[in-house]
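Novice: Predicted model, plus sequence, below.
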Amino acid sequence: MNTQKPLALVTGASRGIGAGIAEKLGASGFHVLINYVSNEAKAIEVVKKIEAAGGTAEPLRFDVSKEEEIVSAFEIIAKKGSPLAVLVNNAGISEDGLILRLKKESLDRTLQTNLVSAVLCSREAAKLMMKARAGSIIQISSVVGEMGNAGQVSYAAAKAGMIGLTKSLAKELASRQIRVNAVTPGYIETDMTGALNEAQKKAITDNIPLGTLGQTTDIAELVGFLAGPSSKYITGQVIGVNGGLYI
Ligand SMILES: NC(=O)c1ccc[n+]([C@@H]2O[C@H](COP(=O)([O-])OP(=O)(O)OC[C@H]3O[C@@H](n4cnc5c(N)ncnc54)[C@H](OP(=O)(O)O)[C@@H]3O)[C@@H](O)[C@H]2O)c1
């Protein structure tokens with residue numbers, strides 16, 4: 001699909017936080033590329049929601065844990081005729097467990113899907129954005145990358161890595177007017193946190209000063225701001241949306 005609108009790619013946009021971000025960017029005038037890996041029906045649902053609200057979007061399947069799929073996807077994006085204005089590295093998985101039981105394959109999968117993917121997508125996006133001398137790259141990290149969490153060593157390492165990526169890349173790309181920021185969500189109601197039982201949810205909310213889990217719209221509003229010109233003087237920042245869980 002060709003479009004005159006600036007493009008925004010959101011990885012992992014078929015569900016949860018990514019879907020919320022995609023809807024916000026669709027309503028903000030971007031043509032949104034809805035990345036997913038297996039859930040095509042859900043990705044199409046997100047496209048339809050954006051269209052029903054007057055925006056435009058299309059699904060774009062690729063596995064962010066595979067470099068060759070990322071490169072092919074960005075070749076498609078480069079041919080779209082509109083500039084890639086926004087990349088949101090949101091796709092992620094969490095495989096929890098204590099370190100003594102940690103399997104190397106699980107560690108590799110977690111780092112590859114959450115962190116290596118964000119580095120490689122940022123590299124491919126930077127190639128396109130540098131030509132345009134404009135762009136906003138937003139990493140969806142996690143409060144767990146800032147404060148740590150027992151049982152989430154691989155996930156925390158990946159999410160903390162995204163913070164280092166953000167700061168270094170912001171310095172590298174600022175001269176080309178490309179901004180790079182990280183958002184660190186606290187506990188947000190999605191399929192990822194849906195796996196928690198009621199006792200676990202209560203233990204978590206008891207520690208959140210604002211007293212509830214967050215909603216996907218809480219993250220989407222901030223990403224919408226970071227994607228647009230109102231945040232033009234903000235780069236290299238790590239911004240928490242966590243109900244006060246980590247201050
Ligand atoms: N929920 C929270 O409380 C929370 C807190 C802090 C940070 N985060 C971070 O926020 C991001 C989104 O979390 P969420 O809760 O919205 O997750 P979610 O509901 O589990 O959705 C995950 C999304 O990532 C996609 N995905 C997974 N592996 C992929 C791959 N290899 N290639 C492409 N897409 C892939 C999924 O696509 P399919 O539908 O095709 O499977 C789906 O769209 C993650 O990076 C997560 O770590 C979440």
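Specialist: Now that the structure is in, tell me what you want to look at.

Novice: quick one: the strands in this protein?
Specialist: Per DSSP state E, the chain has strands spanning 7-10, 31-36, 56-61, 84-89, 135-140, 178-185, 238-241. These are given in chain order.

Novice: which strands and helices sit next to the fifth one?
Specialist: Spelled out, that is strand 135-140. helix 16-27, strand 84-89, helix 117-132, helix 153-173, strand 178-185, helix 216-227 (3 or more CB pairs under 8 Å, 6 or more residues apart in numbering; DSSP states H and E). Bear in mind the C-beta positions are built from the backbone N, C-alpha and C, glycine included.

Novice: What angle do helix 117-132 and that strand make with each other?
Specialist: 170 degrees (axes from the mean of the first three to the mean of the last three CA atoms, to 10 degrees).

Novice: Show residues contacting strand 135-140.
Specialist: 17-18, 21, 83-90, 92, 118, 122, 125-126, 128-129, 162-163, 165-166, 169, 173, 177-183, 185, 219, 223, 226-228, 231 (CB atoms under 8 Å, 6 or more residues apart in numbering).

Novice: out of the helices and strands packed on strand 135-140, nearest to Phe74?
Specialist: helix 117-132 (3.8 Å; CB to CB).

Novice: what comes up buried for the closest one?
Specialist: 117-118, 120-122, 124-126, 128-129 (16 or more other CB atoms under 10 Å).

Novice: Looking at the residues you listed, which one is closest to Asn2?
Specialist: Nearest to Asn2 among the buried residues of helix 117-132 is Leu128, at 16.0 Å by CB to CB.

Novice: Right, I'll leave it there.
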